[in-house]
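[1] how would this look folded up:
(one chain, ligands or ions: 2)
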Amino acid sequence: TQSTRPQRILTAVQKNATRGDPRSVVKAIDHFCRNKEWAMNVGDEKGCILDSVVSEVNPATVLELGTYCGYSTVRIASLLPPNAKLITLEFNPDFAAIARQVIAWAGLEDKVQLVEGASGDWIPKMKEQFGVKTFDLVFLDHWKNSYLPDTKLMEECGLLRKGSVLLADNVICPGAPEYLEFIRSSPRYKSQYFKSHLEYTKVEDGLEKSVFLGLVNEEWT
Ligand SMILES: Nc1ncnc2c1ncn2CCCCCNC(=O)c1cc(-c2ccc(F)cc2)cc(O)c1O
Ligand SMILES: [Mg+2]
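    Ligands and ions are numbered 1, 2, ... in the order given. The predicted model follows:
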């Protein structure tokens, strides 16, 4: 039977990357997607911005929305301090099955909990199911029109604390206009745009980094 693109990405990892070496896994996927088949990984250019934000936040708890093949999962998990945890949500079971194997090849399965299902169903269950209090960092890379409702849901569920950082992929391409409009005008967030390009292309895209400031005092008037 025909293989899928995620299966071909996994094969490229197994052929070209060293087990237990996250950087070689990232390199193998980037090489495949730049030279053989485009795929919707955050990619090497935006990946460097992701790395710098992860290193700056040095998070103990991370939530990733949208795993796909686990490329950004591996980038983030390889930078986490000991005992830090990354929970990544993937809606598509075929993507999830591939991502588990990519994460395992990188040797990062102990730092990563991959959960299958829709973000809207799982966000309200994070505390009870995974003993999470709040997330230090959230990487949004799933359905672009779920960014805003899921951000509001995370606030309502008390999963964000003063200083929690949201990093959103694709705010230009494919775009998340409602999310950008809300987050840039809200007094509860301090936002910053990192201009870049759509993975493996020259098309403009970028990452929006937003720090949650907590419920600012005008909320109480
Ligand atoms: N846990 C959950 N809950 C809800 N939805 C969930 C989910 N887990 C997954 N999904 C469902 C998301 C499916 C993939 C989302 N990502 C994207 O759609 C995406 C598309 C492009 C793209 C750009 C230009 C083009 F010409 C074509 C495609 C680039 C990207 O970097 C993208 O991240
Ligand atoms: Mg993306």
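
[2] Okay, and residue 88 sits in which element?
    strand 85-90 (DSSP states H and E).

[3] where are the low-confidence patches of the chain?
    For the chain, the stretches with pLDDT under 70 are 218-221.

[4] Which residues of it lie near ligand 1?
    Contacts of the chain with ligand 1, taken as Cβ under 6 Å from any ligand atom, map to 40, 65-66, 89-92, 118-119, 141-143, 146, 169-170, 173-174, 198-199. C-beta here means a position set from N, CA and C on the backbone, and glycine is covered the same way.

[5] at 8 Å instead, please
    40-43, 65-68, 89-92, 95, 115, 117-120, 122, 141-144, 146, 150, 169-170, 173-174, 198-199, 203, 205 (Cβ under 8 Å from any ligand atom).

[6] Would you mind giving me the PyMOL syntax to select the buried ones in these?
    Per 16 or more other Cβ atoms under 10 Å, the buried members of the residues of the chain next to ligand 1 correspond to this PyMOL selection:
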select buried, resi 40+41+42+43+65+66+67+68+89+90+91+95+115+119+122+141+142+143+144+146+150+169+170+173+198+199+205
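
[7] out of the residues of the chain next to ligand 1, which touch ligand 2?
    141, 169, 170 (Cβ under 5 Å from the ion).

[8] In CSV: these, plus distance to residue 102 and secondary structure.
    Formatted as CSV, these follow (distance: Cβ to Cβ, whole Å; DSSP: H, G, I helix; E, B strand; the rest coil):
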residue, distance to residue 102, secondary structure
141, 15, coil
169, 18, coil
170, 20, coil
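
[9] Please name the strands paired to the strand holding residue 88 in the sheet, noting orientation.
    Note on strand 85-90: by DSSP bridges, its sheet partners are strand 61-65 (parallel), strand 112-116 (parallel).

[10] State which one residue of this protein is found closest to ligand 2.
    Here the chain gets closest to ligand 2 at one residue, residue 169, 3.7 Å apart by Cβ to the ion.

[11] ok, the residue nearest to that residue when sequence neighbours are not counted - contacts?
    Leaving aside its chain neighbours, residue 169 sits nearest to residue 141 (4.3 Å; criterion: Cβ to Cβ, 6 or more residues apart in numbering). The contact partners of residue 141, by Cβ atoms under 8 Å, 6 or more residues apart in numbering, come to 42, 64, 65, 66, 68, 72, 168, 169, 170.
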